[in-house]
Structure formats: C-alpha cells, structure tokens
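> for reference, the sequence and a predicted model appear below.
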Amino acid sequence: MILHGWGTGCGMNGDAMEMIYRERWTAEIEEMRRLLAELSMKEECKWGKPTYTMEGKNVVILQGFKEYFALGFFQGALLKDTKKQLVQLGQTQAGRVMKFTSAKEIASKASMIKAYVREAMAVEKAGLRVAKKTTDDFPVPEELRAKFRSDPEFAKAFHALTPGRQRSYLYHFAAAKQSSTRAARIEKAMPAIFSGRGFLERSKR
C-alpha cells in the first residue's frame, strides 16, 4: 500500500487526516500500516485516523501524540497482555494503547504487535465487550454531596448529564487526594456541567 492516496479518505496530506502530530509520525504510520496490511482487516478512516475493522467493528486505530505514536486497541482491556505492553489512557474502560517512538521500534516488535492484534481480532470475532461501569461504581465525594445540598440547581444539572459524563467527573473529582483540591475541581467544572458538557469536552462554537 502506498502512503498517499489512501482510498479511505485518510490521505496523509488531506484535510480528512486529522491525526494530531501526524507529520511527526509519518514514518511510524507507514510502518504500522505496512504491518497491519498483512492481517485480515479493512482499513477505514474514522475520526480522521486510520482505523482497522472487521465486518464494520473497530479493532485497532493509529494515533499520534506529542511524545509517542500509538496503536490503540478498542477492547484492549480484554487482552491477556502477557508482554505488559498495553497502557490505559485516562478514564477509558475498554481501550488500551501500545506506545512507540520510532518506526525502527515498530519493525523490531512486528511479531509481537501482530500477535496482540490477532488476539484483538479474536476478541472482536467472539463479540466480547468490556462491561461498562455504572455511575454507582464510582464514589461520590463528600465535597460534591455538599455542593449538591447547597446548590440544588447544580445538582439538577449534574444529574441531567449522561451517565458517561457523570462518570468522567466523578473519576476526576475523586482522583484528588486532598479535600481542598476536590472542592476546587468541582468549582472549576461547574460552568461545563451547567452547559451539559463532560470532563475535558470542549464547548461547541
């Protein structure tokens, strides 16, 4: 497969290719695509990134970050990860990534990468999914309970959020070790919560 003119709309020079830092990881993208082309998946363009699917179901995705290039596994939490290569980013429940810093590293780990991807393909073929946590699985900090009591409108706005957005905030608030930090995070998040946005979710312009 050639690097330019991808047939999927994810051309490296086109606007459809929105991967952050894509120019920095051109060689790595090319090497990973060459490797994945050997497996029985379809390359598509989703979210501006090369995404590999089986019968329309997402298996892996190529992602560019400032410090590293990543191969993302949509159901990575279900993989055995015997080589301890998978990393959880932020609050994702199912997704995991494998990090790389050079095309040479990808080439040297080709066999291992393909083994992981084949396992991910088997997981997808079996239709396995990570059980999603409910809001009840996340503790509600006392600082948030206090804010609910003092500001009923805020409580109403928070509970009007989707379960996923609620979980993102609960995780963020509870992650702070000190009460003062938790309280500060709640105050800072209030405008976004009132506008119906999730944690780190940008406002629509």
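Structure received. Numbers count the residues shown, from 1 in each chain.

> now tell me which helix or strand of the protein has the poorest mean pLDDT.
Lowest mean confidence among the helices and strands of the chain (mean pLDDT, DSSP states H and E): helix 163-174, at a mean of 87.

> quick check: angle from the next helix-or-strand element following that helix to helix 163-174?
Next in sequence after helix 163-174, counting helices and strands by DSSP states H and E, comes helix 179-194. Interaxial angle, helix 179-194 versus helix 163-174 (axes from the mean of the first three to the mean of the last three CA atoms, to 10 degrees): 160 degrees.

> helix 179-194: which residues count as buried?
Neighbour counts over helix 179-194 (16 or more other CB atoms under 10 Å) mark 182-183, 185-186, 189, 192-193 as buried. From N, CA and C alone the C-beta is placed, and that goes for glycine too.

> swap in stretch 75-87?
Judged by neighbour count (16+ other CB under 10 Å), stretch 75-87 contains these buried residues: 75-79, 81, 85-86.

> what's the answer for stretch 35-46, then?
For stretch 35-46, the neighbour count (16+ other CB under 10 Å) marks 35-36, 39, 41, 43-45 as buried.

> any chance of these in JSON lines, with distance to Phe154 and secondary structure too?
Shown next, in JSON lines, are the buried residues of stretch 35-46 (distance: CB to CB, whole Å; DSSP: H, G, I helix; E, B strand; the rest coil):
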{"residue": "Leu35", "distance to Phe154": "49", "secondary structure": "helix"}
{"residue": "Leu36", "distance to Phe154": "46", "secondary structure": "helix"}
{"residue": "Leu39", "distance to Phe154": "49", "secondary structure": "coil"}
{"residue": "Met41", "distance to Phe154": "46", "secondary structure": "coil"}
{"residue": "Glu43", "distance to Phe154": "45", "secondary structure": "strand"}
{"residue": "Glu44", "distance to Phe154": "41", "secondary structure": "strand"}
{"residue": "Cys45", "distance to Phe154": "40", "secondary structure": "strand"}
